[in-house]
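Chemist: here's my sequence, what's the structure:
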Amino acid sequence: MATPLPLARRHRLVLLAVAVQALFIIGVAAAGYATTAWGRTITLRTAPVDPRDLLYGDYVRLHYTISQLPRRLWRETNREARPNEPVYVVLQPAHGAYEALGVYASKPAIEPRQAVLRGWITNSWRHGLRIRYGLERYYVPEGEGRKLEKRPVLLVKVSIAPWGQARITAVNALAK
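Modeler: Residues are numbered from 1 along each chain as shown. Here you go, the predicted structure:
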């Protein structure tokens, strides 16, 4: 039969477990703030959809113009795009917002005015790709979701960190 751990050692193990969990939570929060602080801010064009959740309150589900892309933007000639595959979308400013130039399986080199946004393929067909970026939900104060839903086009400011994490920093309605 194994001998039990001394009481002082058990206390140290419990404190270590609590410290690891606290550091993880602090790290997740710090990564979000670091993305905003050190990330490059770009503007994306989107349309709002279905802004209400009974459990979480008002939010705006966003459908970006870069969420559904033509198949010709897939730059990997030696293989097909697969669902749930991580991809990198190269974006370039055009007409007041960033638009997609190409979709790559690995992170490509870009020019200074371009940006790279990481996403995941959700659907692939002969003529197109549907991509999810993890930026499709934006929670708003109670009552604001309905106002944003009435706007046909929104501009979303997204901060993209050098390590690839992205975060919505602002949602603005275009003037009519």
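Chemist: now the lengthiest helix in the chain: buried residues?
Modeler: Scanning the chain for the helix with the most residues, using DSSP state H, yields helix 7-38. For helix 7-38, burial by neighbour count (16 or more other C-beta atoms under 10 Å) applies to 34-35. For glycine as for every other residue, the C-beta is placed from the backbone atoms N, C-alpha and C.
Chemist: so which elements touch that helix?
Modeler: Under the contact definition 3 or more C-beta pairs under 8 Å, 6 or more residues apart in numbering; DSSP states H and E, helix 7-38 sits against strand 154-160, strand 166-173.
Chemist: of all these, which one is nearest Tyr33?
Modeler: strand 166-173 (9.2 Å; C-beta to C-beta).
Chemist: need the next SSE after the longest helix of the chain, C-terminal direction.
Modeler: strand 40-49 (DSSP states H and E).
Chemist: can I get stretch 29-44 in CSV, CA atoms only?
Modeler: Extracted in CSV, the C-alpha atoms of stretch 29-44 (Å, rounded to 0.1, in the frame of the first residue of the first chain):
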residue,chain,number,x,y,z
ALA,A,29,-7.5,37.7,-21.2
ALA,A,30,-4.1,39.1,-21.9
ALA,A,31,-4.1,37.6,-25.4
GLY,A,32,-7.3,39.5,-26.2
TYR,A,33,-5.9,42.8,-25.0
ALA,A,34,-2.6,42.1,-26.7
THR,A,35,-4.4,41.5,-30.0
THR,A,36,-6.0,44.9,-29.7
ALA,A,37,-2.8,46.7,-28.6
TRP,A,38,-0.3,45.2,-31.0
GLY,A,39,-2.6,44.1,-33.8
ARG,A,40,-3.1,45.7,-37.1
THR,A,41,-6.6,47.2,-37.5
ILE,A,42,-8.5,46.6,-40.8
THR,A,43,-12.1,47.3,-41.8
LEU,A,44,-14.4,44.6,-43.3
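Chemist: cool, thanks, signing off.
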